[in-house]
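**Student:** with the sequence up front, the predicted model follows.
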Amino acid sequence: MARSIHADLLSAQKDSSFNVKVKIVLTYSAITHTYEEDRILSINHQESPESQTAEVVLDDSDNVLSALDLKGYKGVISYGLTDANGTNRYSAAAPLLVKGQLGHSSQGVLASTLSLHGLPDRLANDKASEAFTMEADDTRTVKDLITAVLNATLTAYSHTVNITATFDSEDDLIDSVTPRDSFRVNFNESRLEALKRLLEYTKCVMRAEDDGEVHIFVPTTSGTEWVASTAYTVNDYVQPTTPNNNFTYKCTVAGTSHSSEPTWPTTAGGTVVDNTVTWTAVAHDYTYELAASGEHTFFSKVHRKRLVLPNYVSIKSHPDHPDSYAGTAEDTASSDLTPPTPFSSAEIRDHQYMRLDSNAQATAIAEAQLTKHQQDAEAGSGLVPMNVGTEAYDYVKITDSRQNDDIRIANIGYLERIYMPGTYELRFGFGTIRAGGYEGLLPPAVVGLMGATGATGRGGATGIVSVTGGVTMEILRKLAMDIEAALNTAARERDWLANAVRLNSFLINQMSVVSSPGPLGRVMQAVSDFNDLKDQLLEFDNWKCFIYFLRNTASGAWSTPTNAVYTVPTGKKLVCVFLWPYHGLIDDPTNRQARFRNTTDSTDVFAPASFQSEGFVLTWALVGDLAGPATFTEVVAGKTVKLELWNNTGGNRAMGVVMICKEMEA
């Protein structure tokens, strides 16, 4: 169940353009400091069931933060947008604690970085002051023990802080299973580990939420395929034998299913009686669909098929117990595989002794554990424009028109929010991060523009093979919707164009700032003369990306590229989609200028004044109205065009421009 957000905020984050709002509220006793996007330089915020951390970089050019000691403050990060009515609306994430503050001072930069962590991390740091064991006749249930661990009433954790446990939904196990002497806490064992072991008895999971409490609940899942004449308990989930991909079905009245399959409801909240079981249709917590009007789009997704490991769970009584019970659960899709020698079988078993009351209870616990192994094995990830309400365990659906309406449905296991000027995005992964994580599953921030995607480039072996950087969300969403309609852009061309936009952002931020270059800029300084950073024409299908960056002396003459040059073929025209100037051309237009030159006619396609606006111009701007122009500027057949740069200051100056065009039939 995703965090509830205001309807106007929900609508705004699905829009094709929006005004970003972020803030962090820091409190300690009666002291409060609130910082918004005018001071926040960047946020990297990661969440999973077992950890919630954030790095927040704040501008300290006025030396206000250097005078503050913010360690120990509670920090609440809120993500939002300005809605259609002009109201700024936010959704607050779970509270964090400032564990460190780093002041940074270098040439032209004064900043303060806050490192924060959340309740799961606090639970991981709270260690048992003594060992705790239970007797064979102890009647406390799993729910009782979870509450005691969180409330700090269990003796081993009595020195820790009281954290409220909220039980949103439960299965039949959490308040009936009594672990007795099967459960113990070792000396110096963390509260988090104790909670994780208790939750292994059930289908329930835990999540720290925005109210500062730890919530226990049964997550919405796809469940297993419906089976006739089978006992089901409340909060079990099933899929019809022919899934419709729009709903999962939740058991809301326990019982035994009929010998024949029911007719499943096709509206959220609809119910059907299946012999003595009642099923309720449950929609996904959130859906993403590529470039569909009114839907939340996505930039990229990755999926990977994995074995469920372990895929066979055996729960049984200890040989010393007076009663002997046993139960198993198996994922046959994985365990029945027969790979070649020497592996021979894919079956991997997990065996556990427990204090049990019946074979049925043993089977139910084995099934609960197998369900979690199956959820953890879900492997895939997505990169989307910011969804302010996303939380771990949300049940989401992605529909990808690029892959013949491929549908991916799973639970979010970990997520990362990223904010910086021009970047407002969410990355999430299915299953556990241990099953692959961002390194193996995260959609690449830029697909290889040379070679990997079939693009070609003129201008040196350094090329642009794979670079990572922020996503300029407004442009990508516009590319997905408006450019496709205006220029009849195919899906794979749209992907290339979106990646080129990412490349532009990276080049602007990393390569053209001589006084304080980014990582790539520093490499260029080390291995080259840094006087000709980039001179390329990247081409993909009919798209042409002109790149020209340099640092030159005050020559008072126009510098001309060697490779960022193109002649429009007969029968074609070159449509100028947008350009992106380095900010120095905006800050000092008298001494630093650029132009897009028609050298055949010795005229400017775009004169220097066109390069003196903030961010993207021609098609969209990052400030003000994001609407597209009525017409696009065109270059006719037979004309040669190129980017040129001019510097008239007293020393070497960094400058750069990217121009993206599409070649079309005249």
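**Tutor:** All right, it came through fine.

**Student:** tell me the first helix or strand C-terminal of the helix or strand hosting Ile216.
**Tutor:** Applying DSSP states H and E as the criterion places Ile216 in strand 214-217. Following strand 214-217 in sequence order, the next helix or strand is strand 224-225 (DSSP H and E).

**Student:** quick one: strands adjacent to that following strand?
**Tutor:** Strand 224-225 pairs in its sheet with strand 237-239 (parallel), by DSSP bridges.

**Student:** tell me who's in contact with Asp211.
**Tutor:** Each residue near Asp211 by C-beta atoms under 8 Å, 6 or more residues apart in numbering is listed here: Thr166. From N, CA and C alone the C-beta is placed, and that goes for glycine too.

**Student:** quick check: phi and psi at it.
**Tutor:** When read as degrees, to the nearest 10, the backbone of Asp211 gives phi -80, psi 0.

**Student:** what about it, distance to Val20?
**Tutor:** Computed as C-beta to C-beta, to the nearest Å, the Asp211 to Val20 distance reads 25 Å.

**Student:** all helices for this protein, in order.
**Tutor:** Assigned by DSSP state H, the helices in the chain fall at 7-13, 119-125, 142-151, 191-199, 332-335, 359-377, 437-441, 473-478, 484-487, 491-510, 519-527, 584-587.

**Student:** what number of residues lie near the nearest residue to Asp83 once chain neighbours are set aside?
**Tutor:** Once flanking residues are discounted, Asp83 sits nearest to Asp8: 3.9 Å by C-beta to C-beta, 6 or more residues apart in numbering. The tally of other residues near Asp8 (other C-beta atoms under 10 Å) stands at 14.

**Student:** before we move on, what about Leu198?
**Tutor:** Neighbours of Leu198 under the rule other C-beta under 10 Å: 24.

**Student:** also Asn85?
**Tutor:** Neighbours of Asn85 using other C-beta under 10 Å come to 8.

**Student:** repeat for Pro339
**Tutor:** Pro339: 10 surrounding residues under other C-beta under 10 Å.

**Student:** so how far is Asn647 from it?
**Tutor:** From Pro339 to Asn647 the distance is 63 Å (C-beta to C-beta).

**Student:** bridging residues for the closest residue to Ile418 other than its chain neighbours?
**Tutor:** Excluding the flanking residues, the one nearest Ile418 by C-beta to C-beta, 6+ apart is Glu425, at 5.3 Å. Counting by DSSP bridges, Glu425 is bridged to Pro385, Ile418.

**Student:** Glu425 contacts Val384, doesn't it?
**Tutor:** Yes: the pair Glu425 / Val384 is scored as a contact, 6.8 Å apart, by C-beta atoms under 8 Å.

**Student:** what touches both of these two?
**Tutor:** Contacts common to Glu425 and Val384, judged by C-beta under 8 Å, 6+ apart, are Phe299.

**Student:** low-confidence ranges, the stretch 201-350 of the chain, go.
**Tutor:** Scanning the stretch 201-350 of the chain for pLDDT under 70 picks out 291, 304.

**Student:** tell me the strands in it, going along the chain?
**Tutor:** Assigned by DSSP state E, counting those that start in this stretch, the strands in the stretch 201-350 of the chain fall at 205-208, 214-217, 224-225, 231-232, 237-239, 248-253, 255-256, 271-274, 277-282, 286-289, 300-304, 312-316, 326-330, 349-353.

**Student:** contact partners of the fifth one?
**Tutor:** When you say that, I think you mean strand 237-239. Outside strand 237-239, the residues that reach it (C-beta under 8 Å, 6+ apart) are 220-227, 232, 248-251, 279, 282.

**Student:** and if we set it to 7 Å?
**Tutor:** Here strand 237-239 makes contact (C-beta atoms under 7 Å, 6 or more residues apart in numbering) with Thr220, Thr221, Ser222, Gly223, Thr224, Glu225, Trp226, Thr248, Tyr249, Lys250.

**Student:** name the residues of stretch 192-201 that are buried.
**Tutor:** Neighbour-count burial for stretch 192-201 flags Leu192, Glu193, Ala194, Leu195, Arg197, Leu198, Leu199, Tyr201 (criterion: 16 or more other C-beta atoms under 10 Å).

**Student:** from the chain's centroid, how far away is it?
**Tutor:** Taking the mean of its C-alpha atoms, stretch 192-201 sits 27 Å from the chain's own mean (C-alpha atoms, centre = their mean, to the nearest Å).

**Student:** can I get it in PDB, CA atoms only?
**Tutor:** Provided in PDB are the C-alpha atoms of stretch 192-201 (Å, rounded to 0.1, in the frame of the first residue of the first chain):
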ATOM      1  CA  LEU A 192      16.600  -5.600  13.700                       C
ATOM      2  CA  GLU A 193      17.900  -9.100  13.500                       C
ATOM      3  CA  ALA A 194      15.500 -10.200  16.300                       C
ATOM      4  CA  LEU A 195      12.600  -8.700  14.400                       C
ATOM      5  CA  LYS A 196      13.600 -10.300  11.100                       C
ATOM      6  CA  ARG A 197      13.700 -13.700  12.700                       C
ATOM      7  CA  LEU A 198      10.300 -13.300  14.300                       C
ATOM      8  CA  LEU A 199       8.800 -12.200  11.000                       C
ATOM      9  CA  GLU A 200      10.100 -15.400   9.400                       C
ATOM     10  CA  TYR A 201       7.200 -17.200  11.200                       C
END
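
**Student:** circling back: distance to Asp15 and mean neighbour count added to the strands of the stretch 201-350 of the chain, as a markdown table?
**Tutor:** Below are the strands of the stretch 201-350 of the chain laid out as a markdown table (distance: least, C-beta to C-beta, whole Å; neighbours: other C-beta atoms under 10 Å):
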| stretch | distance to Asp15 | mean neighbour count |
| --- | --- | --- |
| strand 205-208 | 28 | 23 |
| strand 214-217 | 30 | 22 |
| strand 224-225 | 38 | 14 |
| strand 231-232 | 41 | 19 |
| strand 237-239 | 32 | 21 |
| strand 248-253 | 28 | 20 |
| strand 255-256 | 45 | 16 |
| strand 271-274 | 34 | 16 |
| strand 277-282 | 27 | 21 |
| strand 286-289 | 14 | 19 |
| strand 300-304 | 20 | 19 |
| strand 312-316 | 46 | 22 |
| strand 326-330 | 45 | 18 |
| strand 349-353 | 47 | 14 |
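
**Student:** now the ones you listed in CSV, with distance to Lys71?
**Tutor:** Below are these laid out as CSV (distance: least, C-beta to C-beta, whole Å):
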stretch, distance to Lys71
strand 205-208, 20
strand 214-217, 24
strand 224-225, 48
strand 231-232, 50
strand 237-239, 44
strand 248-253, 44
strand 255-256, 55
strand 271-274, 52
strand 277-282, 43
strand 286-289, 35
strand 300-304, 37
strand 312-316, 44
strand 326-330, 47
strand 349-353, 42
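
**Student:** not counting residues beside it along the chain, what's closest to Ala111?
**Tutor:** His104 (4.6 Å).

**Student:** what of Ala94?
**Tutor:** Ala208 (4.8 Å).

**Student:** quick one: that neighbour and Leu114, what's the gap?
**Tutor:** Per C-beta to C-beta, Ala208 is found 19 Å from Leu114.

**Student:** now tell me what touches the strand holding Ile216 from outside.
**Tutor:** In contact with strand 214-217 (C-beta under 7 Å, 6+ apart) are residues 119, 146, 150, 163, 165-169, 204-209.

**Student:** check the offset of that strand from the chain's centre.
**Tutor:** Distance of strand 214-217 from its chain centroid, counting by C-alpha atoms, centre = their mean, is 22 Å.

**Student:** helix or strand with the lowest mean pLDDT in the protein?
**Tutor:** Least confident helix or strand of the chain, by mean pLDDT, DSSP states H and E, is strand 456-458 with a mean of 32.

**Student:** per-residue pLDDT, the residue nearest to Val20 when sequence neighbours are not counted?
**Tutor:** Nearest non-adjacent residue to Val20, counting by C-beta to C-beta, 6+ apart: Tyr424, 4.9 Å away. Note on Tyr424: pLDDT of 89.
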